[in-house]
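Trainee: Mind folding the following:
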Amino acid sequence: MGLPENLRKALDERRLNDKQASLAAGLSATWARDVMQRGVNPTTRTLRRMAAVLGVTPDALLSGEAIPPPKIRGRFVDDPEMISWLQLGEALSIEQRSRAALMVRTAFPPPSEKAS
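Mentor: As a prediction, this is how the structure comes out:
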């Protein structure tokens, strides 16, 4: 199987449509469709971005070998922007996640407890 078939398989297994995945990767809304139906050859940068969204390596998309099944973590997310944030979080190390959480807590502190 080639890239178009492997991309379709990965999208189907993850219950994503072409547009959702393309937008989540920060690509044009028609990127995945163009690759699968029109035979457009992606750049290495765009292929890496799509692979990250799908949780696979670019080599797996190109060769079709060892495309892991999707990771199921709670409910399905349908919002492309949320998918992008989730993928970004998965790409961070534990230390990077901790630093990011500290930055968020510092920038957006919880409301102070009201004294009774």
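
Trainee: Check the gap between Glu13 and Arg45 for me.
Mentor: 24 Å (C-beta to C-beta, to the nearest Å). Bear in mind the C-beta positions are built from the backbone N, C-alpha and C, glycine included.

Trainee: and what of Asn6?
Mentor: Counting by C-beta to C-beta, the gap from Asn6 to Arg45 is 18 Å.

Trainee: higher neighbour count, Glu13 and Arg45?
Mentor: Glu13 (15 against 9; other C-beta atoms under 10 Å).

Trainee: now this structure, which segments are flagged as low pLDDT?
Mentor: Where the chain drops to pLDDT under 70, the residues are 66-94, 96-98, 100-101, 103-105, 107-116.

Trainee: That one: helices as residue ranges?
Mentor: For the chain, the helices defined by DSSP state H occupy 3-13, 18-24, 31-37, 44-54, 58-63, 80-91, 94-107.

Trainee: Just the CA trace of stretch 2-15, in PDB.
Mentor: What follows is stretch 2-15, C-alpha atoms only, in PDB (Å, rounded to 0.1, in the frame of the first residue of the first chain):
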ATOM      1  CA  GLY A   2       1.100   3.500  -0.700                       C
ATOM      2  CA  LEU A   3       0.700   6.800   1.200                       C
ATOM      3  CA  PRO A   4      -2.900   7.500   0.100                       C
ATOM      4  CA  GLU A   5      -4.100   4.100   1.400                       C
ATOM      5  CA  ASN A   6      -2.100   4.200   4.600                       C
ATOM      6  CA  LEU A   7      -3.300   7.700   5.400                       C
ATOM      7  CA  ARG A   8      -6.900   6.600   4.800                       C
ATOM      8  CA  LYS A   9      -6.400   3.600   7.100                       C
ATOM      9  CA  ALA A  10      -4.900   5.700   9.900                       C
ATOM     10  CA  LEU A  11      -7.700   8.300   9.600                       C
ATOM     11  CA  ASP A  12     -10.400   5.700   9.600                       C
ATOM     12  CA  GLU A  13      -8.900   3.900  12.600                       C
ATOM     13  CA  ARG A  14      -8.800   7.200  14.500                       C
ATOM     14  CA  ARG A  15     -12.300   8.200  13.400                       C
END
